[in-house]
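Undergrad: no sequence for this one, just the structure:
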């Protein structure tokens, strides 16, 4: 990403700070003589007759030498230098020393008032230093990925330039005094030893094991996401929607924080889980997989650390907490196809997550992976998804226990395996539960003959309201909860039929592949 200013020139830092009110008058500058003792090369012309007497000034407000006068009077870019309002000789040079006569106290006249800082840039009152030039320097050409990101970087550079100019001037003034008013830290930032449990310590350990993924389809369309090292064999865990464009012959690369880039290939992907595994080609031998935690033990209020490449800004670290668990989230790739939808029982976090964070690790305070960042709640699209919008503090991650199981199946067979009950449920908005439909998908039976639901006695029209201790308010919620289990797991289903509540145990079946 380019850090060049896009059409906005950065003004120079002001040349000098304001003269303090209680500062003593500056001593009269001495005449500069040539090295061989000859007369000065630029003597002051005689005072023109009739020059107006100067009003009495407080010594603290007397202009401090030629540099300050140049910044306040006349055009500093003029070949003749700054001039006084009457068009007299240049100011700022003292009267020749040793002339045998006392200097005229009425000369030079006071300079005109200084213009406001920034030359009328919206402020009020007088300013200090050199005002911004009327004609700013020509901007550098450059092309960034996004105007918003470029504007932020420009603002940072402007602030840094202004602070640097002011800091240098103050340091120079302090160095010329008899004492020092600065206090230095005993250790610089790069030498401080940070405990492993601090955010900085966790980030320093985890960042080398994360990658920025760039995926490009055969048509040239592409995007950026994140992934992390899953094992020492070069497998990288990420989201399906990050690499989906490169599945059928596209181009895929993974770049580590140290700048090393590797070509990669998709080993397997699961649309429903929104999980994918890619493998580095010619993977290095020193890969360090991130430690996987236990997402079942995560509690609301636990600290979280998210790593990713929001809007292409690689190696970005943000922090927050777990703000909710088992949050039902349904997202899709925008095609509108049910086959392309993902259903999650997600970890919710307020750590800042943006487009580009997808596939990155969500860590606990010890640096263990507890989830894969996958989706955000957006105010622009009115729901859950991956649209290009900013974080509003509602991010969702796939629990790592589920993602680990999916990844292992993808590495082993290249295909995902889903748990199922063998019944079609309504996917419409609902708050009363998941109703078994009267007709199955594509003309199939709504309850699969001989399947888990059929064996448990479930029928079309039944409304499932709980799965174990999880409240089920809709079809997508039920699917997301079922997919947190493995085929063969036994679950307790609570359902309503004819106004009466029933409970039944179901042994989950399996489905291989996304279709």
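TA: In hand now; what should we look at? Small disclaimer: the values here were computed from a predicted structure and weren't measured.
Undergrad: Can you name the next helix or strand after the helix or strand of the chain with the lowest mean pLDDT?
TA: Counting by mean pLDDT, DSSP states H and E, the weakest-scoring helix or strand in the chain turns out to be helix 147-175, with a mean of 31. The helix or strand immediately downstream of helix 147-175 is helix 199-206, counting by DSSP states H and E.
Undergrad: And that following helix, what does it pack against?
TA: Applying 3 or more Cβ pairs under 8 Å, 6 or more residues apart in numbering; DSSP states H and E, one finds that helix 199-206 makes contact with strand 303-308, strand 316-331, strand 361-363. Every C-beta, even on glycine, is put in place using the N, C-alpha and C of the backbone.
Undergrad: and those as TSV, adding mean neighbour count and mean pLDDT?
TA: Listed next are those as TSV, based on neighbours: other Cβ atoms under 10 Å; pLDDT from 0 to 100:
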stretch	mean neighbour count	mean pLDDT
strand 303-308	24	96
strand 316-331	19	93
strand 361-363	30	97
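Undergrad: pLDDT below threshold where in the stretch 351-500 of the chain?
TA: 380-389, 431 (pLDDT under 70).
Undergrad: in it, which spans are strands?
TA: For the stretch 351-500 of the chain, applying DSSP state E, counting those that start in this stretch gives strands covering 361-363, 369-377, 384-385, 395-399, 417-420, 434-435, 463-467, 470-471, 490-497, 500-507.
Undergrad: Residue 448 is nearest to which of the helices and strands packed on helix 199-206?
TA: strand 316-331 (22.3 Å; Cβ to Cβ).
Undergrad: so what does the closest one touch, helix or strand wise?
TA: helix 199-206, strand 303-308, strand 342-349, strand 369-377, strand 384-385, strand 395-399, helix 475-482.
Undergrad: Residue 221 - how many residues pack around it?
TA: 10 (other Cβ atoms under 10 Å).
Undergrad: Would you mind measuring from it to residue 246?
TA: The gap separating residue 221 from residue 246 is 10 Å, by Cβ to Cβ, to the nearest Å.
Undergrad: Could you do residue 484 as well?
TA: From residue 484 to residue 246 the distance is 28 Å (Cβ to Cβ).
Undergrad: Among those two, which residue is more densely surrounded?
TA: residue 246 (25 against 22).
Undergrad: what residues are up against that one?
TA: In this structure, residue 246 makes contact with 215, 216, 217, 222, 252, 266, judged by Cβ atoms under 8 Å, 6 or more residues apart in numbering.
Undergrad: Quick check: chain neighbours aside, which residue is closest to the fourth one?
TA: Right, the one you point to is residue 222. Among residues not flanking residue 222 along the chain, residue 216 sits closest, at 3.6 Å (Cβ to Cβ, 6 or more residues apart in numbering).
Undergrad: Tally up the residues packed near the one you found, please.
TA: Neighbours around residue 216, by other Cβ under 10 Å: 15.
Undergrad: Residue 287 too?
TA: 18.
Undergrad: can you check the one 10 residues further on too?
TA: Applying the criterion other Cβ under 10 Å, we find 10 residues in the vicinity of residue 297.
Undergrad: for residue 450, same thing?
TA: Residue 450: 9 neighbours (other Cβ under 10 Å).
Undergrad: contacting residues for it?
TA: Contacts of residue 450 (Cβ under 8 Å, 6+ apart): none.
Undergrad: now do the one 3 residues further on
TA: Residues counted as contacts of residue 453 (Cβ under 8 Å, 6+ apart) are 421, 422, 423, 436, 447, 506.
Undergrad: Can you tell me, leaving aside adjacent residues, what's nearest to it?
TA: Nearest one to residue 453, counting by Cβ to Cβ, 6+ apart, is residue 423 at 3.9 Å.
Undergrad: was I right about the one you found contacting residue 446?
TA: Yes - the pair residue 423 / residue 446 is scored as a contact, 6.4 Å apart, by Cβ atoms under 8 Å.
Undergrad: Looking at the two, which has the bigger crowd around it?
TA: residue 423 (25 against 19).
Undergrad: any idea how far the more buried one lies from residue 267?
TA: Taken as Cβ to Cβ, the span from residue 423 to residue 267 is 32 Å.
Undergrad: My guess is residue 306 contacts residue 320. True?
TA: Yes - judged on Cβ under 8 Å, residue 306 makes contact with residue 320 at a distance of 7.3 Å.
Undergrad: ok, how many other residues are close to residue 441?
TA: 11.
Undergrad: now the one 4 residues further on
TA: Using other Cβ under 10 Å as the criterion, residue 445 is surrounded by 15 other residues.
Undergrad: Same question for residue 451.
TA: 17.
Undergrad: Enumerate every residue touching the closest residue to it other than its chain neighbours.
TA: Nearest residue to residue 451, sequence neighbours excluded (Cβ to Cβ, 6+ apart): residue 422, at 2.5 Å. Shown in contact with residue 422 (Cβ under 8 Å, 6+ apart): 447, 448, 451, 452, 453, 454, 509.
Undergrad: Noted, bye for now.
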